[in-house]
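J.: quick one, fold the following:
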Amino acid sequence: MDNNINRKCTLILPVRKDSAQLRRCLAAVEAGTTVPGIVIMDCTAEKGALDRIRKRFPAVRVFDMGMNPGRAHAVNTGIHITTTPYVCVLSPNILVGRHCIERMLSALEKSADLMSVQARIMSADDPDRISGAGWSLTAAAEPFVRGRGSKVSRYMKKAKILAPQIDAAMFSMEALETAGILDERFYSRLEDLDLGYRGCMAGFDNLYEPSAVCREMESVNSSDFYRQLEIGNMVYFRYKHGLSDPGRYLRSAIHRKDPGYEAALQRGAMLSFQAEMEMMERTELEMSVTKQTLPEEFCMEVKDEAVRRVFPLYLGERSGESPADIPDLLKMRLKMAAGTADRIRNLIC
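T.: All right, here's what the predicted structure looks like:
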């Protein structure tokens, strides 16, 4: 298998447990027309949990994280140990088509202006429906996944998108050196939206490539915990990019009686406060900033002591702070206006 590995691309696969889905995911990648080097980020926190994977897929490299520090931290670690010019990120729940990796790589190689390429993710429940075609924002800064639930025929054309979903996307390492990597404060929700937004602000494009086809192996239903994470992360996202008041949108979008609603808003406010203080210490006070532990950065209660000993690799800064950023900010507002139109089409189709 080693002789068939494409030396231009590395696949990073964050894994929380061994499963039949993970084995199907790996088998599909290795059966593709382009086979990348594969690095599993072992977030199982259980010694030997992936021994069967090591035996069945000897060409796969397993990097033991020793814990589950969150998707962003795991992917960033993978990016740091990657030496290829392109890096692909998949969810273990994704089954790639035979040409999926090849077509994402081909699209990236053709344009130095691209930071990422997003695959067409098909629904596990209905083969005629899209599960995801990238992230977008409405003019009110409401995030949504393009195409979710729509007919395949409506998303058969290439298109520039605001951000890729790291469930099935490929990135240019050269572009990431400019735009940065995943902001780990987001913890498992919206970190890919933030990265795509920063890439656009840095002058790069993100492309939806419909010929790169993959599908979910089962439907993913967000738990209350992850919905609350997304609420708090969206508060931080809006603070970070100078968007409209988060509380106003969130209060209209989420029922007040949701037991985790107020806690999620408070977490978002704390994330924003931490980012503000860190930036002030670095710039205004010219202080070196000592990183906090992951739970402190996430504003979450974590019982695992191992997690407390790990420090974040990357924390993002605010965008659009300089007058020179005004043209890029206007460009982003136009993208968000187009996102509103796309959102309306999604709702009525």
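J.: hey, which helix or strand in this structure has the poorest pLDDT?
T.: Across the helices and strands of the chain, mean confidence by mean pLDDT, DSSP states H and E is lowest for helix 246-253: a mean of 50.
J.: helix or strand: which one has the nearest residue to residue 239 once chain neighbours are set aside?
T.: Nearest residue to residue 239, sequence neighbours excluded (C-beta to C-beta, 6 or more residues apart in numbering): residue 272, at 3.8 Å. Using the backbone N, CA and C atoms, a C-beta is placed for each residue, glycine as well. Assessed by DSSP states H and E, residue 272 sits inside helix 261-283.
J.: what are the buried residues along that helix?
T.: 261, 264, 265, 267, 268, 269, 270, 271, 272, 274, 275, 278 (16 or more other C-beta atoms under 10 Å).
J.: list phi and psi for residue 173.
T.: Dihedral angles of residue 173 (phi, psi; degrees, to the nearest 10) stand at phi -60, psi -30.
J.: let me know the secondary structure of the residue nearest the centre of the chain.
T.: Closest residue to the average C-alpha location of the chain: residue 192 at 2.9 Å, with C-alpha atoms, centre = their mean. What DSSP: H, G, I helix; E, B strand; the rest coil gives for residue 192 is helix.
J.: quick one: residues contacting it.
T.: Listed by C-beta atoms under 8 Å, 6 or more residues apart in numbering, the contact partners of residue 192 are 135, 163, 164, 165, 166, 169, 182.
J.: okay, those residues in a markdown table with distance to residue 154 next?
T.: Formatted as a markdown table, the contacts of residue 192 follow (distance: C-beta to C-beta, whole Å):
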| residue | distance to residue 154 |
| --- | --- |
| 135 | 17 |
| 163 | 19 |
| 164 | 19 |
| 165 | 17 |
| 166 | 23 |
| 169 | 20 |
| 182 | 29 |
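J.: which ones are touching the closest residue to residue 229 other than its chain neighbours?
T.: Nearest non-adjacent residue to residue 229, counting by C-beta to C-beta, 6+ apart: residue 189, 4.6 Å away. Taking C-beta under 8 Å, 6+ apart as the contact definition, residue 189 lies against 226, 229, 230, 233.
J.: make JSON lines out of the residues you listed and add distance to residue 12.
T.: Shown next, in JSON lines, are the contacts of residue 189 (distance: C-beta to C-beta, whole Å):
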{"residue": "226", "distance to residue 12": "21"}
{"residue": "229", "distance to residue 12": "21"}
{"residue": "230", "distance to residue 12": "22"}
{"residue": "233", "distance to residue 12": "21"}
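J.: quick one, which of those are buried?
T.: Here, 16+ other C-beta under 10 Å leaves 229, 230, 233 buried among these.
J.: residues contacting the last one?
T.: Read that as residue 233. Shown in contact with residue 233 (C-beta under 8 Å, 6+ apart): 185, 186, 187, 189, 190, 191, 268, 271.
J.: tell me the pLDDT at the third one?
T.: Spelled out, that is residue 187. We have a pLDDT of 81 for residue 187.
J.: count of neighbours near it?
T.: 25 (other C-beta atoms under 10 Å).
J.: hang on, it packs against residue 72?
T.: Yes: counting by C-beta atoms under 8 Å, residue 187 does reach residue 72; the two are 6.5 Å apart.
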